[in-house]
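**Q** My questions concern the predicted model and sequence given below.
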Amino acid sequence: MFAIPGKKAVSLTPAAVAQIKSLMQGSDGRVKGLKLGLKKGGCAGMEYTMEFAETVDSHDEVIEQDGACVMIAPMAQMFLFGTEIDYRTSLLESGFVFNNPNVAEACGCGESISFKVGEEA
């Protein structure tokens, strides 16, 4: 993975840390963190995936911040480098928000993204 010494692949806002810790604590210790990935789909070409992780794969990039743990799947690491993950709540919805500098465009619903090609983030 492309990495800068001393810099985490992704960062978490305090709201994201609180939500991830809450999800981890609600699992009676089974969940070790949240695993982030990407899959093909949506109108812009790619979609973020997020699932509970009960184990850590040896190839995952592990980010631990203030008691919250996020694992990044190997194929997603270069696309997520530099991303800030937030958690927002509004009157109509709540969920994780990815502030990703590598995204070239996103669809109107915000669920689907495409990435910059041939550029360093």
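**A** All right, it came through fine.
**Q** Where do the helices of the chain begin and end?
**A** 14-25, 77-80 (DSSP state H).
**Q** Let me know the pLDDT of the residue of the chain most remote from its centre.
**A** No residue in the chain sits farther from the centre than Leu91, which is 23.3 Å out by CA atoms, centre = their mean. With respect to pLDDT, Leu91 has a value of 90.
**Q** tell me the most buried of the helices of the chain?
**A** helix 77-80 (a mean of 20; mean count of other CB atoms under 10 Å). Yep, even glycine has a C-beta here, placed from its N, CA and C like the rest.
**Q** how close does Gln77 sit to Glu54?
**A** Distance of Gln77 to Glu54, given as CB to CB, to the nearest Å: 20 Å.
**Q** What of Asn102?
**A** 28 Å.
**Q** Spatially central residue in this structure, please.
**A** Note: the chain centre (CA atoms, centre = their mean) maps to Leu36, 4.7 Å.
**Q** surely that one meets Pro74?
**A** No: Leu36 is beyond contact range of Pro74, at 11.2 Å (criterion: CB atoms under 8 Å).
**Q** contacting residues around Ser11?
**A** By CB atoms under 8 Å, 6 or more residues apart in numbering, Ser11 lies in contact with 63, 65, 83-85.
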